[in-house]
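**Q** Provided below for reference: sequence and predicted model.
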Amino acid sequence: MLVVTTNDIQGYRVVRHLGMVRGLTVRSRSVVGNLGAAIQIFFGGNISVYTSLAEQARQEAFDLLIQHAQEMGANAVIAMRYDANEIAAAVTEVLAYGSAVIIEPLPASQS
């Protein structure tokens, strides 16, 4: 499965648009995680507890996006994006979305 942030893929042509696909996850920070982050904030620098949580949330949303695209019969996702919002205190929603498509390689003379 190819996933790109662009609207096309060099060397391929889109032969069918299947529609929007998305992967959504909602994560909260635990009390222990917040305590660990508070200690890191005190000393400054990268807050690795939150960095790890953000990366896990994005990966989960991405994996769900891929699953949704595969269920639709896509072999690629174009115009992929992430969005994140805090929906409550210490609760964050992460959304991965894009357009599910079927692509095929261009003949060598056209790529």
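**A** Ah, there it is.

**Q** next SSE after the worst-scoring helix or strand of the chain on mean pLDDT?
**A** Least confident helix or strand of the chain, by mean pLDDT, DSSP states H and E, is helix 31-43 with a mean of 57. For helix 31-43, the succeeding helix or strand toward the C-terminus, using DSSP states H and E, is helix 48-72.

**Q** please point out which parts of that next one sit buried.
**A** 49-50, 53, 57-58, 60-62, 64-66, 68-69 (16 or more other C-beta atoms under 10 Å). Placement of C-beta: from N, CA and C, glycine included.

**Q** in TSV, list these along with pLDDT and distance to residue 13.
**A** Formatted as TSV, the buried residues of helix 48-72 follow (pLDDT from 0 to 100; distance: C-beta to C-beta, whole Å):
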residue	pLDDT	distance to residue 13
49	69	44
50	70	41
53	81	39
57	91	34
58	94	29
60	96	31
61	97	28
62	98	25
64	98	27
65	98	22
66	98	21
68	98	23
69	98	18
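
**Q** would a markdown table of the residues you listed with distance to residue 106 be doable?
**A** Output for the buried residues of helix 48-72, formatted as a markdown table (distance: C-beta to C-beta, whole Å):
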| residue | distance to residue 106 |
| --- | --- |
| 49 | 46 |
| 50 | 43 |
| 53 | 41 |
| 57 | 36 |
| 58 | 31 |
| 60 | 34 |
| 61 | 31 |
| 62 | 27 |
| 64 | 30 |
| 65 | 25 |
| 66 | 24 |
| 68 | 26 |
| 69 | 21 |
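
**Q** closest to residue 87 out of those residues?
**A** residue 57 (12.5 Å; C-beta to C-beta).

**Q** OK, contacts around that closest one?
**A** Residues counted as contacts of residue 57 (C-beta atoms under 8 Å, 6 or more residues apart in numbering) are 25, 27, 84, 92, 94.

**Q** among the residues you listed, who's most crowded?
**A** Highest neighbour count within these, by other C-beta atoms under 10 Å: residue 94, with 23 neighbours.

**Q** what comes up buried for the strand or helix carrying it?
**A** Take DSSP H and E as the rule and residue 94 turns out to sit in strand 91-105. By 16+ other C-beta under 10 Å, the buried positions in strand 91-105 come out as 92-101, 103.
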